Every structure is written in structure tokens, then in C-alpha cells.
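[1] Provided below for reference: sequence and predicted model.
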Amino acid sequence: MAEDTMIRGTRPGEREIILALYPLAFPDEDLRPLVSALLDGEDDTLSLAAFAGKSVIGHVLFTPFADAKNPQASRGALLGPLGVVPHRQRQGLGDALVRAGLERLDDVGVAQVFVLGAPAYYGRFGFHPEKSVLPPYDLPPQWEGAWQSLTLSARPPLSSGRCTFPAPWMQPALWLP
Ligand SMILES: CC(C)(COP(=O)(O)OP(=O)(O)OC[C@H]1O[C@@H](n2cnc3c(N)ncnc32)[C@H](O)[C@@H]1OP(=O)(O)O)[C@@H](O)C(=O)NCCC(=O)NCCS
């Protein structure tokens, strides 16, 4: 990561500069409604950004959720979206954002982190295909292996079955190519 960058939790007044990153990182889909709803959502949503000066050059969200069968005992978190502005990609920012998030989630006792993404990218953090805890909607066959998880601090994984996430994630279109 370049010396002029820093990663920290975002603040309520930074919504617009966070949202401005998304059309740059994801030119083919509009993730701003999702990100906006997640930023408005649960207090324990983890929003981390990489800044170069006052500009947001990378951003990641982690949405915590309770174990469906054992809500008092165990919590998971869903990673996403994750985006880096094109001119700062492949400089370690995505890596640093994910690792910073995993460390914070570990500190607050989250047991398992889930992601729907490229195994070739997320494998470096220790994510592996998840077959027991299922996403809220069936995934198309070409996304076999893209639903992944990582357990933190050797905590027991979440109970098997289908997850229910906070409302912004419960839209089938978000789980289709
Ligand atoms: C994916 C993304 C977040 C990675 O962030 P980044 O800061 O560019 O990544 P890092 O510098 O940490 O890591 C770069 C490495 O990741 C690899 N990588 C990036 N995207 C990848 C993908 N989709 N699949 C596999 N590898 C990928 C690069 O090839 C590079 O590897 P190399 O340096 O060995 O060649 C960023 O490229 C991005 O915003 N892409 C567009 C939005 C997107 O696809 N987000 C992911 C949603 S799940």
C-alpha cells in the first residue's frame, strides 16, 4: 500500500464520497442503492475506506448477522461490496481493506466471514468454498465455488442451513450474475 494512503472506519458525513467510488469500481452495475442502504442499516455494519488525502480510493462493507439456529451464541459477517478505484487497483488496497476488516471482526467475536466472489482473489485470505451455510438464494451453476467462508480465531462455524441477511441483501437480483 502506498505511503499516502490510510485505512479507517468511515463517518456518517462521508456517504457521498463513498458512493462516488462505486460507479468507478463497478461500471457495469449500480451498487449505490445497496451500499447506501447498508450504511443506513444496522449499527454494527463495518464500513472501512482507504483514503488518499480526502478522496476515497477503496471501500469495503461487512454486514454482521446472527446464526439462524443459535442467535445468542454465534455471529457471522458478510463481506461486500469491496471496490478500489481503477487507477489504484493492484497496489494492495483491496488486500489491506479485507485484512483490516477481518481483524476488527475477530476482535468483536465474529465467528465466520462469508463472501460471494472470485475464489482466485479471496483464497489468499484463507476463504474456501462453503457448502454448509448457504446463501439466501440458490446460486447459478457458473458460480459454483464463489460462495466462500473463513472462520476466525478457530471459533466454531455457524450452524448449517440457509442464511438470512439484513434487508438490503435480501434481493434475488444481487445474487445473480
Ligand atoms: C477486486 C479488487 C477489489 C481488488 O482490489 P485491488 O486493490 O486491486 O487488489 P490487491 O492489490 O489487493 O490484489 C491484487 C491482486 O488481485 C488480483 N485480482 C484482482 N481482481 C481479481 C479477481 N476478480 N479474480 C482474481 N484475482 C483478482 C490481481 O490479479 C492481483 O494479483 P497479482 O498482483 O498477483 O497480479 C479491485 O480490483 C476492484 O475493485 N475490482 C473491481 C470491483 C470488483 O470486482 N470487486 C470485487 C467484488 S467481489
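    Arrived safely, thanks for sending.
[2] contact residues of this protein facing the ligand?
    Contact residues, the chain versus the ligand (Cβ under 6 Å from any ligand atom): 25-26, 80-84, 89-95, 117-118, 120-121. Heads up, the C-betas are built off the backbone N, CA and C, glycines and all.
[3] just give the closest residue to the residue in the chain that the ligand sits nearest to, not the sequence neighbours.
    The nearest approach of the chain to the ligand comes at residue 94, 2.3 Å away (Cβ to the nearest ligand atom). Computed as Cβ to Cβ, 6 or more residues apart in numbering, the closest residue to residue 94 that is not its neighbour in sequence is residue 84, at 5.2 Å.
[4] tell me the contacts of that neighbour?
    Neighbouring residues of residue 84 by Cβ atoms under 8 Å, 6 or more residues apart in numbering: 25, 50, 57-58, 93-94, 97.
[5] quick check, central residue of the chain?
    residue 79 (1.8 Å; Cα atoms, centre = their mean).
[6] export whichever helix or strand that one is part of to CSV, keeping only CA atoms.
    Assigned by DSSP states H and E, residue 79 belongs to strand 75-84. This file holds the C-alpha atoms of strand 75-84, laid out as CSV (Å, rounded to 0.1, in the frame of the first residue of the first chain):
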residue,chain,number,x,y,z
ARG,A,75,-22.4,-14.4,14.7
GLY,A,76,-21.2,-14.3,11.1
ALA,A,77,-20.5,-11.4,8.8
LEU,A,78,-21.0,-11.0,5.0
LEU,A,79,-18.1,-9.3,3.2
GLY,A,80,-19.1,-7.0,0.3
PRO,A,81,-19.1,-5.0,-1.7
LEU,A,82,-15.4,-4.4,-2.0
GLY,A,83,-14.1,-1.9,-4.5
VAL,A,84,-11.0,0.0,-5.4
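[7] does anything pack onto the biggest strand by length in the chain? Which helices or strands?
    The longest strand of the chain (DSSP state E) is strand 55-66. Packing partners of strand 55-66 (3 or more Cβ pairs under 8 Å, 6 or more residues apart in numbering; DSSP states H and E): helix 15-19, helix 32-40, strand 46-52, strand 75-84, helix 93-107.
[8] quick one: it to helix 32-40, angle?
    Angle, strand 55-66 to helix 32-40, by axes from the mean of the first three to the mean of the last three Cα atoms, to 10 degrees: 70 degrees.
[9] now strand 55-66: buried residues?
    56-65 (16 or more other Cβ atoms under 10 Å).
[10] ok, the lowest-mean-pLDDT helix or strand in the chain: who's next to it in the sheet?
    Using mean pLDDT, DSSP states H and E, strand 161-162 stands out as the lowest-scoring helix or strand of the chain, at a mean of 94. The strands beside strand 161-162 in its sheet (DSSP bridges) come out as strand 133-134 (parallel).
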